[in-house]
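*Asks:* Okay, sequence plus prediction incoming.
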Amino acid sequence: MSPVLKSEEIPQLEGWGILIFLAILEFSSFYLVFATEGKIFPSLSVDLLARIVQILAYFIILAFCIIRFGRVNLIELAPARRDALVLLLALFAEFWVFGLLVGSEGVRNDYHKSIQEFSPSHYWLAVFIFVLGNPFLEEAIFRRYFLEIQRQHYSVGVAILITAGASTLFHFDASLLRLSWVFFQQVFLSFVYVKSRLGVSVLVHAFVNGLILFLSR
């Protein structure tokens, strides 16, 4: 039984329900933005508006998880001294494998190119969302809640693979090459979370997203 969730045992279907609800919210928000061609907020580009509504969808799911399964303690977000080695090794491994599987050319896609055309204020908003907002929300939902629910029903290794596969599905717009990178990253982030704490996996995730933005400039 996982000690970080307030319920003694959570049905596995309830864990999958979280992701299904998240997928519905994310798809609906993206469809609304692109169907209206961003006319709801004409001062924002369609790409940036889509990312903003995506963040809102993730906030809704995270709020539900906190109410249903228990809040995230601040101590989980602060890496301890013993986490320093895990963090350094994780950053090195991510940087090395990133270069092998993706590289600077592999990260260039329409979204990363489009943010270069934003005004300075909009550009830094996009950077904030991609480097800080997305990593925290994704790690909290997929690692702190979904992975912990899977750990109640399976071994750690199986739970990590299930979580990695499920979270990879949320990158359905990526190429096959990038999907292989995403799956590796999700497995790795789950392993880092299990061996340390939530704050470490958030930092590693943020590092990789920042690296992607830097290389796509």
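*Replies:* Received it, and whenever you're ready, just let me know what you need.

*Asks:* Can you tell me the element the most centrally placed residue in the chain falls in?
*Replies:* The centroid of the chain falls nearest to E138 when counting by Cα atoms, centre = their mean (3.0 Å). In this assignment (DSSP states H and E), E138 forms part of helix 134-138.

*Asks:* Quick one: residues in contact with that helix.
*Replies:* 55, 58-59, 62, 167, 202, 205-206, 209 (Cβ atoms under 8 Å, 6 or more residues apart in numbering). (Each C-beta comes from the backbone N, C-alpha and C, glycine too.)

*Asks:* let's see it at 10 Å
*Replies:* The contact list for helix 134-138, computed with Cβ atoms under 10 Å, 6 or more residues apart in numbering, reads 22, 51, 54-55, 57-59, 61-62, 72, 77, 128-129, 167, 170, 186, 189, 198-199, 201-210.

*Asks:* Mean confidence (pLDDT) on it, please.
*Replies:* The average pLDDT for helix 134-138 rounds to 94.

*Asks:* any idea which helix or strand comes after it?
*Replies:* helix 148-151.

*Asks:* starting at the chain centroid, how far to that next one?
*Replies:* Its chain's C-alpha centre and that of helix 148-151 lie 17 Å apart, by Cα atoms, centre = their mean, to the nearest Å.

*Asks:* Same question for stretch 176-183.
*Replies:* For stretch 176-183 - counting by Cα atoms, centre = their mean - the centre lies 14 Å from the chain centre.

*Asks:* Also stretch 163-176?
*Replies:* With Cα atoms, centre = their mean, you get 11 Å for stretch 163-176.

*Asks:* Export it to PDB, keeping only CA atoms.
*Replies:* Taking Å, rounded to 0.1, in the frame of the first residue of the first chain, the C-alpha atoms of stretch 163-176 are listed here in PDB:
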ATOM      1  CA  THR A 163       2.400   5.000 -16.100                       C
ATOM      2  CA  ALA A 164       5.000   5.600 -18.900                       C
ATOM      3  CA  GLY A 165       2.700   4.100 -21.500                       C
ATOM      4  CA  ALA A 166      -0.300   6.100 -20.300                       C
ATOM      5  CA  SER A 167       1.500   9.400 -20.200                       C
ATOM      6  CA  THR A 168       3.100   8.800 -23.600                       C
ATOM      7  CA  LEU A 169      -0.400   8.600 -25.100                       C
ATOM      8  CA  PHE A 170      -0.900  12.300 -24.200                       C
ATOM      9  CA  HIS A 171       1.800  13.100 -26.800                       C
ATOM     10  CA  PHE A 172      -0.200  11.700 -29.700                       C
ATOM     11  CA  ASP A 173       0.800  14.600 -32.000                       C
ATOM     12  CA  ALA A 174       4.500  13.600 -31.900                       C
ATOM     13  CA  SER A 175       6.500  11.700 -34.500                       C
ATOM     14  CA  LEU A 176       7.500   8.100 -33.900                       C
END
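
*Asks:* Tell me how many other residues surround the closest residue to A57 other than its chain neighbours.
*Replies:* Once flanking residues are discounted, A57 sits nearest to L25: 3.8 Å by Cβ to Cβ, 6 or more residues apart in numbering. Neighbour count of L25, defined by other Cβ atoms under 10 Å: 18.

*Asks:* now swap in the one 4 residues further on and tell me
*Replies:* The local packing of S29 (other Cβ under 10 Å) involves 20 other residues.
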